[in-house]
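*Asks:* Return atomic coordinates for the entry below.
(chains A and B)
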Amino acid sequence: MSTAYPVPSDVSPVTVKNAASLLRIVALSLISGAAIASRLFAVVNFESIIHEFDPWFNYRATKVLAAKGFYEFWNWFDPTAWYPLGRVVGGTVYPGLMVTSGVIYNILHWLNLPVDIRNVCVLLAPGFSALTAWATYMFTKEMKDESAGLLAAAFIGIVPGYISRSVAGSYDNEAIAIFLLMFTFYCWIKALKQGSALFGTIAAVFYFYMVAAWGGYVFITNMIPLHALVLILMGRFSDRLYVAYSSWYAIGTLSSMQVPFVGFQPVSTSEHMGALGVFGLLQIVAFAQLVRTHVSSQQFQKLLVASVIAIGVLGASAFVFLTIKGKIAPWTGRFYSLWDTGYAKKYIPIIASVSEHQPTAWPSFFMDLQFLIFLFPAGVILCFRQLRDEHLFVIIYAVMASYFAGVMVRLMLTLTPVVCVASAVALSTLLDTYIDPTEPIPAEEDVDDSASVVTNGSSAANAPSTQTQSKKAKKAAAAAPPSKGPLGDLVAATVSSTSTKAGASSKPKGIFGIDARLVVILNTLAMLFFFVFHCTWVTSSAYSSPSVVLASQNPDGSQHIIDDFREAYYWLRQNTPEDAVVMSWWDYGYQIAGMADRPTLVDNNTWNNTHIATVGKAMSSSEEVAYPILRKHDVEYVLVIFGGLIGYSGDDINKFLWMVRIAQGVWPEEIQEPNYFTPQGEYRIDERASQAMKESLMYKMSYYRFAELFGGNPGTDRVRQQQVPKVGPTLDYLDEAFTSENWIVRIYQVKKEDPLGRDLKSANAFEQGKKRKRTKPAPRRRAII
Amino acid sequence: MPKCWRLLPLLAYAASVLASSQSFENTAIVRTVELGGAVVHVTTTYAIKSLEDGLKAYTIALGRDERAKTSYLEAKVKGQQDALQIKEHVLETKDDFHLVDILLEKPLSTNKTLNIVVETIQTHATEPWPATAGQKDEQALRYTTGLFILSPYATTVQRTKVKGMSPRIISYTTPKNVESFADNTAVSKSGATVVYGPYNNIPPSASSSFIEQYQQPITIHYNHDQAVLEVLKLQRSVEISHWGANLNTQDNIVLHNAGPKLKGHFSRLDHQTQAFYKRPAPHVLPALTLHLPSGIRNAYYYDTIGNVSTSRLRTAPSVPKNKLGTQFSVLEFKPRYPILGGWNYSFTLGWDAPLADYASYDKSTGRYIVEVPIMTPILGAVVNDEELTVILPEGATDVQFVTPFPALSNWIGTHVTYLDTIGRPSLTFKYKDLTPMHARSILVSYKVSWSAHLKKPVAIGTVFMGLFVLGAITRRVNLTLHQKKKVS
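*Replies:* Down below sits the predicted model:
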């Protein structure tokens, strides 16, 4: 056989095998290194700090776990959150993340490595991303081969879609969940392939870990049954499927119910019913198979039809009955918002007010996945060529995840792994084709076109220039195997149409010469390089900011750190009484609890809508109305975020409308959103701002004494680009207690009631020496007409 | 020898006070009080004349309050460098005064004169008055002391000078019942100095009757232009590493502004206005300059919630050992927020320094000697409590130490850190009320054998070797129940 480039022939297969194995290990460790290193931008550019909002709670809980042990954590009632209600933390968290860090922390300390718990938490996500790369490698290996696995590992290691939630310091459930997701899927595929109860059990154990770690476990709960269901519908039921699914479902469900936050949900909520239904269906199908072996086929047909109908009707009516009776909880609001993107805005403004719950914008697909996004469909189509059971899994996963990623920005995260897997399959097929040195035996002369046509990744992947492919693949490409059911036909149609485009299948196919190979390979390499640059750039510029610390540039180009949040939180921590209740919008609840260590009214665990609406009402109504609310909740300090001075756009005035909307949801008579707009319908904070806006507590606290800063010149709010009124708002019921260096965080103290029993407004007026306006005495007598 | 007073386990030294009362005569006593914030410097010069032969000790007296405030006392013969030894009498609970013997270098013969300078540092001797001040207000403090300088001997003339740092002294006490001692004026003020005296022919005053009759408190009320700083707690841990040739110092500091408490609230606008017009409020501490040792590297400054990015450090190169260096690494240190009256700020400050700058090896005895600074002085601040921990290398034996002044308590413990097997010996010292005058060094010496140095690499090497062997074994052992037949 002729080869395009010389290949050594005197190497023993054992040497090749060992060398390949060593290379794989080296490559995997380098990939892990790259995955960890690219996530350290946040630490290098800033410091080892916990990012954003939710991670602060996880960090705080982990500290409790590390300091007081597991049982204390399990029974932890936190009286400082949701003051005065408190929060049963042990029963309302997914403890997987904290327990993971706690275990790592204790092991390190047992080895006399006194690593700070904060560093364990900060570096957990990068560490687990290395494991994710490995799990993806194992998963993709099952799809195609080791080389595709390595590509997939490299992709998932550096792809921004995953980095966005796993940079160092992003100590959130997703940090470990993606590894668990991929590893559970890998075990599932392995169990399905081998019919192994062992791998089914391992899958169940990791499923349990996943349940303990992230609310997104529902994705697995529905993905695996869906896969099983599709397999049954395609007539691919086998004992392997039965063993794998039954062992996974039984052990997985029982163990998942041990997590207190999940409890009996797996048997009582709609999200979990699919898995239960498929489990039941599998038993029926298995039983049917058993019956089939014992009765004649005609009888069996009748029996089958009758029993399927009976069981179907029974099952559905039981489900409906239980739902109506309330035994099975109906779909939750979050779930509805997955199907109707406008639902949340109408009914649950709290969910809609979170930016990561918004539908995904198109550019963010490219930003997060770069060239993988157009390799992805190619990879999915390549899965159709062999269409083994595990390929079906990737296809279903791809379809589901693509939809969810389009609905919600944060679900981009679940899409990313399958994109990496599918793209790796596509790219590896391409590379296999073009690196393979064997040349076809020249029979016809028109073979060259097919090579020259194929220059870009996706079309190359489509075109089955399959000299190198296995025989099975060829069969799939050439003619649709009739035994695959309706989906199989569809696949055959797609595949054959693409293959006819490329040329007649009877001709020998392949690539001649080294130049044609080099053109494609170098192009692919260039794309991979661009991908690396893109990932590095996106990671460093977009995803590595802790958002607790802001960075700006000095005139000389050096980095200037704006540290207002921590300044104010630390002030609260050091100079206020330990039980002083701080009211702020819920975004900052976890940060205040974590950094300032003070009780808060509401926080990012948005479980009590009314409580949040109460805070929203206090913020959006006038001082006189807000004051009793503040006093009733023992509020000592009120904290607002104000970006007007330095142009920090994520401040409270910009979030204000959400407060109004959420408050309006509970008190529609008192708070009305239109009142906060100008008659022209604009959202303004300058002279033309509406009366309700100007009188609202939030407005007053944000702009209190702001105009004075400009020394008589008109002051400008740099976020809204509007001039603030020359005479700023005055406060009667609150005192300014602290303002951070760049005015981002402003803290006000709530005054106590006047000792003389006056209302604070008139007491204040008296202090300033203003005369009380004499109200006209009511006429004593009315003229009698 | 200087003494850290509070720390002294009181010596059971019974002295014959009365017997020696007529052995000396004070020809003149001049006391100079340099008013400050948290730290007040008092220098008293005794011009003495001996009335007997062969006297070895001169006794001074401190009032009861004075004794409680004094945290540092050093006596010298005027013009000489070396400090004299002192011995403290037992403090009786009912006594109004407290006696201290100063042991003279050589016995004094009759009618010989000598000038003894006693330097004391008082801490917590001032109080803010008024106790609260607004952000734009000035800061005023009060300092109270006894009018007469007590002495067990008769005094010909004595005088007290109280100097303020700024010439703005608001008020001072005019003493009463001093006609029998004062010629004309009991007190006079010129500029920043208030002078009490001269008072003539004072009988031995260290007696209850004199104190009852004549001693009276005098109070100076003055403006102070710097923030009154207290370090409520200082935990310093110094770790010696031979492998890294490194001396790591880490201070956990709780800083407190002990000036007048803030009246009302902090206004950033006012603060920025004051900074803009360069009229900073005297009781606000926006930043501080610290002098860290020369040759340091990897300095870090963080607090409970992370790194503080607002500081600057200019390091100076280390000074060779045989030369006396005066260079410091300057840390321009800024708290997260300006520290106003009554506010606290806790933080951690640490740095690495080359071990060679602090340690030396004595070949003859085979001992290492390391000099460990007790504290980094913060100008004008008092350290209320200090816990100093010196962590020696793993396997250090035969530990000895010398302190410049005795610690309140000290003990040897074990500190276990990165990959230690048996842990490192650690020395802990507790101190109270330290002032910049106490910023001296403890000398620690110890032996470390070669085998102790190699303990850690050997331990880690063994563990990894074990892991590899275990890995190799598991790789080669087949535990499958149903062995598949090899297909050739």
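*Asks:* what's the spacing between the closest residue to chain B within the stretch 101-250 of chain A and residue A:429?
*Replies:* Nearest residue of the stretch 101-250 of chain A to chain B (Cβ to the nearest Cβ) works out as residue A:112 at 5.2 Å. Quick note: C-beta positions are derived from backbone N, CA and C, even for glycine. Residue A:112 sits at a distance of 50 Å from residue A:429 (criterion: Cβ to Cβ, to the nearest Å).
*Asks:* Compare these two (neighbour count), which wins?
*Replies:* Looking at residue A:112 and residue A:429 with other Cβ atoms under 10 Å in any protein chain shown, you find the greater number of neighbours at residue A:429, namely 27 against 14.
*Asks:* Output stretch B:107-117 in CSV, but only the C-alpha positions, please.
*Replies:* What follows is stretch B:107-117 as a C-alpha-only set of coordinates in CSV (Å, rounded to 0.1, in the frame of the first residue of the first chain):
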residue,chain,number,x,y,z
PRO,B,107,29.6,53.5,96.3
LEU,B,108,29.3,57.2,96.9
SER,B,109,31.3,58.8,99.7
THR,B,110,30.0,61.7,101.9
ASN,B,111,29.2,65.0,100.2
LYS,B,112,29.8,63.6,96.7
THR,B,113,27.2,64.6,94.2
LEU,B,114,25.8,62.8,91.2
ASN,B,115,23.2,63.5,88.5
ILE,B,116,20.8,60.6,87.9
VAL,B,117,18.4,60.8,85.0
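*Asks:* Quick check: the residue of the stretch 101-250 of chain A closest to chain B touching residue B:417?
*Replies:* Yes. With contacts defined as Cβ atoms under 8 Å, residue A:112 counts as touching residue B:417 at a distance of 6.9 Å.
*Asks:* ok, back up a step: look up the pLDDT of the residue of the stretch 101-250 of chain A closest to chain B for me, please.
*Replies:* What the model reports as pLDDT for residue A:112 is 87.
*Asks:* gap between it and residue B:418?
*Replies:* Using Cβ to Cβ, we find residue A:112 at a distance of 7 Å from residue B:418.
*Asks:* now swap in residue B:361 and tell me
*Replies:* Using Cβ to Cβ, which is the criterion applied here, residue B:361 is 24 Å from residue B:418.
*Asks:* How much space separates the closest residue to chain A within the stretch 201-350 of chain B from residue A:164?
*Replies:* With Cβ to the nearest Cβ as the measure, the residue in the stretch 201-350 of chain B that lies nearest chain A is residue B:268; the distance is 3.6 Å. As defined by Cβ to Cβ, residue B:268 lies at a distance of 35 Å from residue A:164.
*Asks:* try residue B:136
*Replies:* Here residue B:136 is placed at a distance of 48 Å from residue A:164 (Cβ to Cβ).
*Asks:* Neighbour count for the two, which is higher?
*Replies:* A direct count of neighbours by other Cβ under 10 Å for residue B:136 and residue A:164 places residue A:164 higher, at 24 against 12.
*Asks:* for that one, what are its contacts?
*Replies:* A:368, A:412, A:413, A:542, A:543 (Cβ atoms under 8 Å, 6 or more residues apart in numbering or on different chains).
*Asks:* most neighbours, which of the residues you listed?
*Replies:* residue A:368 (27 neighbours).
*Asks:* my guess is it contacts residue A:155, does it?
*Replies:* No. The pair residue A:368 and residue A:155 does not pass the contact test of Cβ under 8 Å, sitting 11.9 Å apart.
*Asks:* how about low-confidence regions in the chain?
*Replies:* Using chain A. A:1, A:327-334, A:442-508, A:770-785 (pLDDT under 70).
*Asks:* try chain B instead
*Replies:* The model of chain B has pLDDT under 70 over residues B:1-21, B:91-93, B:322, B:324-325, B:483-488.
*Asks:* for it, longest helix please?
*Replies:* For chain B, the helix reaching the highest residue count under DSSP state H is reported as helix B:450-476.
*Asks:* what comes up buried for that one?
*Replies:* Of the residues in helix B:450-476, B:452, B:456 count as buried by neighbour count, 16 or more other Cβ atoms under 10 Å in any protein chain shown.
*Asks:* is that helix up against chain A anywhere?
*Replies:* No. With Cβ under 8 Å from any Cβ of the partner chain as the measure, helix B:450-476 is seen stopping short of chain A, the closest distance being 9.0 Å.
*Asks:* so how far is that helix off the chain centroid?
*Replies:* Shown here is helix B:450-476, whose average C-alpha point lies 47 Å from the average C-alpha point of the whole chain (Cα atoms, centre = their mean, to the nearest Å).
*Asks:* And stretch A:256-273, by the same measure?
*Replies:* Here the centre of mass of C-alpha atoms in stretch A:256-273, compared against the chain's by Cα atoms, centre = their mean, lies 21 Å away.
*Asks:* which residue is nearest the middle of chain B?
*Replies:* Nearest to the mean C-alpha position of chain B, by Cα atoms, centre = their mean, lies residue B:434 at 2.3 Å.
*Asks:* Name the secondary structure element that contains the closest residue to it other than its chain neighbours.
*Replies:* Nearest in space to residue B:434, with sequence neighbours left out and distances taken as Cβ to Cβ, 6 or more residues apart in numbering or on different chains, is residue B:383 at 4.1 Å. When elements are defined using DSSP states H and E, residue B:383 is found to belong to strand B:381-391.
*Asks:* The following helix or strand past that strand - contacts with which helices or strands?
*Replies:* Along the chain past strand B:381-391, the next helix or strand (assigned with DSSP H and E) turns out to be strand B:396-402. If you count contacts as 3 or more Cβ pairs under 8 Å, 6 or more residues apart in numbering or on different chains; DSSP states H and E, strand B:396-402 packs onto strand B:424-434, strand B:441-448.
*Asks:* what about 10 Å?
*Replies:* Identification of packing neighbours for strand B:396-402 by 3 or more Cβ pairs under 10 Å, 6 or more residues apart in numbering or on different chains; DSSP states H and E yields strand B:367-373, strand B:409-415, strand B:424-434, strand B:441-448.
*Asks:* Please enumerate the shared neighbours of residue A:368 and residue A:155.
*Replies:* Between them, residue A:368 and residue A:155 share these contacting residues under Cβ atoms under 10 Å, 6 or more residues apart in numbering or on different chains: A:161, A:162, A:416, A:419, A:535.
*Asks:* right, and the pair among those residues with maximum separation?
*Replies:* Using Cβ to Cβ, the two most remote members of the shared contacts of residue A:368 and residue A:155 are A:419 and A:535, lying 13.2 Å apart.
*Asks:* overlap in contacts of those two?
*Replies:* Overlap of the contact sets of residue A:419 and residue A:535 (by Cβ under 10 Å, 6+ apart) consists of A:155, A:159, A:161, A:368, A:369.
*Asks:* Can you verify my assumption that the fourth one contacts residue A:411?
*Replies:* No. Between residue A:368 and residue A:411 there is no contact under Cβ atoms under 10 Å: 11.5 Å.
*Asks:* which residues are common contacts for these two?
*Replies:* Shared contacts of residue A:368 and residue A:411, defined by Cβ under 10 Å, 6+ apart, comprise A:360, A:405.
*Asks:* before we move on, the earlier item: can you add distance to residue A:38 and give the helices and strands packed on strand B:396-402 back as a markdown table?
*Replies:* A markdown table is the format used below for the helices and strands packed on strand B:396-402 (distance: least, Cβ to Cβ, whole Å):
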| stretch | distance to residue A:38 |
| --- | --- |
| strand B:367-373 | 42 |
| strand B:409-415 | 37 |
| strand B:424-434 | 37 |
| strand B:441-448 | 42 |
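*Asks:* Noted, bye for now.
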